[in-house]
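*Asks:* just coords:
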């Protein structure tokens, strides 16, 4: 009976069924690609949230650091003010980037702000070498240890974020993902890279 029913199908109907079946497969594949793009984008955004936590921790430590050293380094007011200004700028930029991690312009601003902050901290610790009493201060020692630990965590989180961004970009640039990405607003994401080779090194906070 089924064979008879099949033989009664017109060639046009058979073609329409085949086209509909193919279209269904294409739609299912497109949905799969879309879901993978969402998954990989969410992964690198979550990766940035780990950076955000560590940057905020470092930003919160800096006012305590400046408060500790300013009693010993009264003649270095300009350096202390520069560190606080760089810290405040980094806090503002980090908040903006957290809303849209991976955005090329936002990541560029973050790299510049964090590079400036690292440079300021580097100058501060270099100057602190000349103050033996400050080097012996227990609160200063504790802050050094916390900052060093935080720098390591930032570096680790940054590497994880960059790996996830690279994975997303690689998938996005492949076919057919590259076609669907443009249609649904999946744009290339930028790595979190510091501005210069010197800035890539963690701030040395040990005397």
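*Replies:* It's in. Quick caveat: nothing in here was measured; it's all calculated off a predicted structure. Numbers count the residues shown, from 1 in each chain.
*Asks:* which stretches of the protein form strands?
*Replies:* Secondary structure of the chain (DSSP state E): no strands present.
*Asks:* Find the residue at the geometric middle of it.
*Replies:* Central residue of the chain (Cα atoms, centre = their mean): residue 48, 3.7 Å from the mean position.
*Asks:* Can you give me the distance of that one to residue 55?
*Replies:* Here residue 48 is placed at a distance of 10 Å from residue 55 (Cβ to Cβ, to the nearest Å). Bear in mind the C-beta positions are built from the backbone N, C-alpha and C, glycine included.
*Asks:* just checking, what packs against the longest helix along the chain?
*Replies:* Using DSSP state H, we find that the single longest helix of the chain is helix 11-70. For helix 11-70, the packing partners by 3 or more Cβ pairs under 8 Å, 6 or more residues apart in numbering; DSSP states H and E come out as helix 77-99, helix 104-128, helix 138-173, helix 177-184.
*Asks:* average pLDDT across the shortest one?
*Replies:* Think helix 177-184. Mean pLDDT, computed over helix 177-184, is 90.
*Asks:* With stretch 17-25 instead?
*Replies:* On average, stretch 17-25 scores 75.
*Asks:* can I get the helices and strands packed on helix 11-70 in a markdown table with mean neighbour count?
*Replies:* What follows is the helices and strands packed on helix 11-70, written out as a markdown table (neighbours: other Cβ atoms under 10 Å):
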| stretch | mean neighbour count |
| --- | --- |
| helix 77-99 | 17 |
| helix 104-128 | 19 |
| helix 138-173 | 17 |
| helix 177-184 | 14 |
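*Asks:* so where's the protein uncertain?
*Replies:* Filtered on pLDDT under 70, the chain yields the residue ranges 1-8, 195-207.
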